[in-house]
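**Q** test case, fold it:
(2 chains)
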Amino acid sequence: MAKADQQADRVDGEITFDHVIPAKECYGLTLAPGQRLRIIDIEGQQVMDTVWLSAADPADHLSVMWTNFLNKSWKITKGHTLYSIRCNPLADIVEDTVGINSSTGSYCSEAANRVRFDVPHTRNCYDNLANALAGFGIEKRQIPEASQFCAFLNITYDEDGTHEVLPPTSKAGDHIDFEARADVLVGLSCCPQELNACNNFKAKPMRVMVYEKG
Amino acid sequence: MAKSVEAASRVDGKVIQEYVIPAKEYYGLRMARGQTLRIIEIEGQQVMDNVFINADNHTEQLSVIWSKSINGTWKLTKGHMLYSTQCKPMVEIVEDTVGMNYGGGSYCTQWSNHFRYGDPYPRNCHDNLTNALAQFGVDREQVTESSEFCNFMNVGYDPDGTCEIRVPISEPGDYIDFKAHMDLLVGMSCCPQEKNPCNNFKAKPLKFVLFE
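**A** Numbering: from 1, shown residues only, chains lettered A, B, ... in the order given. As a prediction, this is how the structure comes out:
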């Protein structure tokens, strides 16, 4: 294990859950207010798609658009809050050793991979996120594109209008920590995309921890 | 030719419908493949929120996110195709005399106005768009945030990360044309927002012309 990864598994508090999501796979979990979720990039240059929904009322899901507007930033990172479609706080980002994430919304899907790369039958984040949350009774239609925040995804908004996916800058051991502000359901997809620069053309595993601040 | 509402109303084709949507109001229509919808600025600096839905399958909607990604730009304007959640060509921007639109998604809502301005009962685009499409049997939950494209809205994505709403640069007689690539339901909201620079603090009417 890289030295950096050993740093990343030291948290300020008690770890209640610790799991490695294999490359291309998914996971779903709940967080209570105050609980923290850490996502660790194990090898580097791997993206995690996350969907956030209020556990009490899943129709009140994350809105990346309102998250951008209410934080007055499209570079959502440490110090910012994820807001729901009803403008309720869902989680704060309390640590982020990379500082590059995408709050543009959406996830790779079978349709998108077919149109963009002419490749059918691909593993994709949309299916992964739906599967991650199916155990909580969530249906696919309840996770619209706006409900997805992408940790470490590097998408440009250049002045000349260029909007493209670049390789992530995250290195082994980099991590991002969320502290729940409400009871939330979280869907996680270790992005399986290998057809563009999103994960630098190779899908890799990621580690997730849940802890309560000491 | 000088820009004017009159000049903008002269289209190259047969007019099917033209109408002035009053300030803060809305309109819903069905648009056949091949038809073009022109949105015209009457007084200038007024934003129109548009939702596009596949008329034959309401679960297939505009995706502003895939539209940006597939076009490789966040400055969607003339020459760009707007794609659906299934990544199918939905509607094409065939003219745009302003060149400034917002493809980030979402609309002002009761919740956002309450949160931002403490206003509990504001007119808002979410209600307007839902009401515009209700006659076609479209449910409120099908009017998702990413199904909305905002004509003439000026949102900065600055290199330092700033994301903010600025005053529109559109003038009277400016217009944008959308050509349908499938049979569509279109929800239009003449944005009622007066609490921020979105419409330069005053809601105003807009005109549309549907033609082929």
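
**Q** tally of neighbours for residue 170?
**A** Because you didn't say which chain, this covers chain A. Per other C-beta atoms under 10 Å in any protein chain shown, the neighbour tally for A:S170 reads 28. Bear in mind the C-beta positions are built from the backbone N, C-alpha and C, glycine included.

**Q** chain B is the one I meant
**A** A total of 29 residues lie near B:S170 under the criterion other C-beta under 10 Å.

**Q** show me what contacts it?
**A** B:E41, B:G44, B:Q45, B:Q46, B:V98, B:M100, B:F152 (C-beta atoms under 8 Å, 6 or more residues apart in numbering or on different chains).

**Q** nearest to chain A among those residues?
**A** Closest to chain A out of the contacts of B:S170 is B:M100 (11.0 Å), distances taken as C-beta to the nearest C-beta.

**Q** thinking again about what came up before, mark which of the contacts of B:S170 are part of strands, please.
**A** B:E41 (DSSP state E).

**Q** any chance of the contacts of B:S170 in JSON lines, with neighbour count and distance to chain A too?
**A** Below are those laid out as JSON lines (neighbours: other C-beta atoms under 10 Å in any protein chain shown; distance: C-beta to the nearest C-beta, whole Å):
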{"residue": "B:E41", "neighbour count": "28", "distance to chain A": "22"}
{"residue": "B:G44", "neighbour count": "17", "distance to chain A": "23"}
{"residue": "B:Q45", "neighbour count": "21", "distance to chain A": "19"}
{"residue": "B:Q46", "neighbour count": "27", "distance to chain A": "19"}
{"residue": "B:V98", "neighbour count": "19", "distance to chain A": "14"}
{"residue": "B:M100", "neighbour count": "19", "distance to chain A": "11"}
{"residue": "B:F152", "neighbour count": "27", "distance to chain A": "16"}
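
**Q** name the nearest of the contacts of B:S170 relative to B:S4.
**A** B:E41 (10.4 Å; C-beta to C-beta).

**Q** just checking, the closest one touches B:P172?
**A** Yes. Contact between B:E41 and B:P172 holds when scored by C-beta atoms under 8 Å: they sit 5.8 Å apart.

**Q** touching both of these two, which residues are there?
**A** With C-beta under 8 Å, 6+ apart, B:E41 and B:P172 have common neighbours B:V5.

**Q** tell me what the helix-or-strand element of chain B with minimal mean pLDDT is packed against?
**A** One helix or strand of chain B scores below all others by mean pLDDT, DSSP states H and E: helix B:110-117, with a mean of 93. Under the contact criterion of 3 or more C-beta pairs under 8 Å, 6 or more residues apart in numbering or on different chains; DSSP states H and E, helix B:110-117 touches helix A:64-71.

**Q** helices and strands around the helix it packs on, which ones?
**A** When contacts are defined as 3+ C-beta pairs under 8 Å, 6+ apart, helix A:64-71 packs onto strand A:81-83, strand A:148-151, helix B:110-117, strand B:163-166.

**Q** what's the average pLDDT for it?
**A** Average pLDDT, helix A:64-71: 97.

**Q** ok, stretch B:93-106 next?
**A** Computed over stretch B:93-106, the mean pLDDT rounds to 97.

**Q** contacting residues around the nearest residue to A:A55 once chain neighbours are set aside?
**A** Sequence neighbours aside, A:D183 is the residue nearest to A:A55 in space, at 4.0 Å (criterion: C-beta to C-beta, 6 or more residues apart in numbering or on different chains). Listed by C-beta under 8 Å, 6+ apart, the contact partners of A:D183 are A:T30, A:L31, A:A32, A:P33, A:S54, A:A55, A:A56.

**Q** which of those lies closest to chain B?
**A** So of the contacts of A:D183, ranked by how close each gets to chain B (C-beta to the nearest C-beta), first place is A:S54, at 12.8 Å.
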